[in-house]
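Novice: need a structure here:
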Amino acid sequence: MSAALDNPVYQSLGKTFQRAWIGAGTIAFNQGNTVPLELPNALLQKGIALRLTGNLVIATANAQAVFIEAPLGLIKNVRVVGDGRRVLINSPARDLFRLAHFAWGKQAEISPPLSTIGTRPFSALIRLDHETHFAVNPVESLFDPRLYKKVTVEITWGAATDIATAGGGGTIALTSVQCDVLVEQTSEGITQILCDHEVTPDEQPVTASSALFQFKVPQNGLLIGVQLRSDRDAGAGAGPTPVDDLINSITLKSDTTVAHADSVNWSTLQRLNVLQYQLDGGASPGAQIPGYAYLPLIEGGMLSSALNTNALNDLRLILNVTRTSGTEIVHVTYDFLVPRRSLAQAVAAG
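Specialist: Numbering: from 1, shown residues only. Here you go, the predicted structure:
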């Protein structure tokens with residue numbers, strides 16, 4: 001080693017250890033069942049990457065359709081759970097994929113299978129974030145798995161019919177399907193953690209047009225945003241399709257009269273999202289992500305500005321919807337920061 005590198009100034013630069021990438025293993029496909037994988041718990045978690053790969057085997061006749069957002073529909077639900085009871089993330093892969101799209105401003109890998117006869121590969125990447133990228137200091141929501149004896153990520157698997165429809169006289173099947181799990185960790189930041197990032201789902205079918213299509217928002221801490229997805233399955237094998245003519249406007253009111261959002265036009269919010277989150281993935285520059293919108297409830301990245309649902313008697317998401325045809329569903333993803341118990345105790349004491 002040179003004399004210069006022997007200098008204590010040089011040796012004090014950087015770290016000998018801080019950030020770590022850990023391959024936690026793979027979750028094998030098991031149609032219709034939920035399969036868990038235990039995650040490493042030696043360090044703080046920044047986030048988890050799930051990479052879905054596999055093949056759709058199409059025989060005899062071309063597939064009638066490969067669904068929009070395939071192969072994400074193959075993962076019916078993802079949960080991150082501590083000790084089998086504390087649920088931090090709980091949502092379908094489609095919604096988690098888009099939540100990461102809003103957070104990062106970049107559409108992750110999504111490669112659907114071809115619809116022609118043969119063994120057709122597919123892949124997709126779903127990022128699960130503990131860090132809150134909308135916040136000034138994302139470290140404030142790092143996840144400490146060491147508080148639990150065991151933390152698992154659980155995948156509920158669907159079937160080939162969740163991503164495609166066989167053609168007349170033909171068949172579809174799946175081979176070599178699995179999900180690789182990569183955990184991003186850090187050794188620093190434990191003294192800055194204030195909250196846990198929790199993702200909670202809800203959905204309802206739209207059976208009639210209504211100006212008062214309501215969801216009761218759970219009281220679960222600090223609400224930083226609401227992601228909405230509107231789907232239509234018009235039958236004929238096309239599968240669920242994100243659409244923009246189901247939700248007309250969005251209202252969010254607490255205690256009946258206080259408006260946090262009032263008659264927000266769906267298409268205007270979508271285009272504003274493109275600017276707010278530098279979204280790609282639309283059909284053209286500035287175009288919306290079909291079927292999705294995100295209503296932010298945090299200002300300037302400050303946790304202190306998030307909507308405290310625990311301090312409200314009643315919080316309602318009220319949508320103006322137009323019923324058209326087929327099976328129509330509105331799926332809501334609530335984006336929460338839940339104060340750690342130690343923080344809540346300190347606030348109460350002070």
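Novice: Any regions of this protein where pLDDT drops low?
Specialist: Low-confidence segments of the chain, defined by pLDDT under 70: 1-14, 17, 281-285, 342-350.
Novice: mind giving me the domain ranges of it?
Specialist: 19-193, 194-340 (automatic domain parsing).
Novice: With mean neighbour count added, can I get these in a markdown table?
Specialist: To be clear about C-beta, it is placed using only N, CA and C from the backbone, and glycine gets the same treatment. Shown next, in a markdown table, are the domains of the chain (neighbours: other CB atoms under 10 Å):
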| stretch | mean neighbour count |
| --- | --- |
| domain 19-193 | 18 |
| domain 194-340 | 17 |
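Novice: can you give me the helices in the stretch 51-200 of the chain?
Specialist: Here the stretch 51-200 of the chain has its helices, by DSSP state H, counting those that start in this stretch, at 93-104.
Novice: Now do stretch 101-110: distance from first to last residue.
Specialist: 12 Å (CA to CA, to the nearest Å).
Novice: which outside residues touch that stretch?
Specialist: Applying CB atoms under 8 Å, 6 or more residues apart in numbering, the contact partners of stretch 101-110 are 51, 69, 71-72, 97, 100, 123-127, 129, 133-134, 227, 273, 277-281, 289, 294.
Novice: try 6 Å
Specialist: With contacts defined as CB atoms under 6 Å, 6 or more residues apart in numbering, stretch 101-110 is touched by A124, L125, D129, H133, Y277, Q278, D280, G281, Y294.
Novice: ok, so of those residues, who is nearest V321?
Specialist: Lowest distance from V321 to the contacts of stretch 101-110 (CB to CB) belongs to Y294, with 18.0 Å.
Novice: Now the phi/psi pair for that closest one, please.
Specialist: As for Y294, its main-chain torsions (degrees, to the nearest 10) stand at phi -130, psi 120.
Novice: Identify all residues paired with it through a beta bridge.
Specialist: Counting by DSSP bridges, Y294 is bridged to Q227.
Novice: quick one, strands of the stretch 1-150 of the chain?
Specialist: Assigned by DSSP state E, counting those that start in this stretch, the strands in the stretch 1-150 of the chain fall at 19-28, 34-38, 44-59, 65-66, 75-82, 86-91, 110-111, 118-129.
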